[in-house]
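[1] Quick check, what structure comes out for this input:
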Amino acid sequence: GKDRIIFATKEDHETPSSAELVADDPDDPYEEQGLILPNGDINWNCPCLGGMASGPCGEQFKSAFSCFHYSTEEIKGSDCVDQFRAMQECMQKYPDLYPQEDENEEKEKTSKDLEATPMEASAAKEETGSS
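    Numbering: from 1, shown residues only. Have a look, this model is predicted:
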């Protein structure tokens with residue numbers, strides 16, 4: 001997979017590290033710029049995007065997000081429905097990477113919680129009355 005396990009021995013930890021830290025390049029246009037670069041472009045390397053731009057649906061995400069960002073419609077992004085639909089369809093193909101809450105499950109859970117409350121209350125009354 002994507003991960004690699006490396007085991008370190010006691011001897012590995014006893015020797016000083018030879019890693020060199022490279023100073024940040026102040027001219028790097030992506031370094032700590034945030035989501036929008038000074039020129040108005042989207043910074044696809046921004047950690048704030050949580051890797052969405054580089055996953056299996058990265059192109060669909062970029063398309064939908066770009067459309068929304070540059071949208072000039074009265075209701076911003078209303079012209080981007082097709083791009084967001086394509087992104088959603090892609091994400092549904094990868095449920096492990098893009099977990100989605102099922103609205104029906106949420107409704108069922110809520111209604112079961114509401115049903116349980118009156119039953120618990122009536123059970124408590126019966127216990128009190130039987131003593």
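[2] Which stretches in the protein count as helices?
    Secondary structure of the chain, counting by DSSP state H: helices at 10-14, 58-70, 81-92, 103-129.
[3] if I read this right, Q92 contacts P99, doesn't it?
    No. Counting by Cβ atoms under 8 Å, Q92 sits too far from P99 to count as a contact (10.9 Å). The C-beta positions use only the backbone N, C-alpha and C, and glycine is treated the same way.
[4] If you count surrounding residues, which of the two has more?
    Q92 (11 against 8; other Cβ atoms under 10 Å).
[5] Can you give me the distance of the closest residue in space to F65 that isn't next to it in sequence to Y94?
    Take F65 and drop its neighbours on the chain: the residue closest to it by Cβ to Cβ, 6 or more residues apart in numbering is I42, 6.7 Å away. Distance from I42 to Y94, counting by Cβ to Cβ, to the nearest Å: 22 Å.
[6] Same question for Y70.
    From Y70 to Y94 the distance is 26 Å (Cβ to Cβ).
[7] same check, this time on T72
    Counting by Cβ to Cβ - T72 and Y94 are separated by 32 Å.
[8] still on that earlier bit, which one's more surrounded, I42 and Y94?
    Higher neighbour count among I42 and Y94: I42, with 16 against 12, using other Cβ under 10 Å.
[9] Could you pull up the contacting residues of that one?
    Listed by Cβ atoms under 8 Å, 6 or more residues apart in numbering, the contact set of I42 reads 35-36, 62, 65-66, 69.
[10] Could you do F84 as well?
    Contact analysis of F84 by Cβ under 8 Å, 6+ apart lists 64, 68, 77.
[11] Quick one: which of those residues is the most crowded by neighbours?
    Neighbour max across these (other Cβ under 10 Å) = A64, 23 neighbours.
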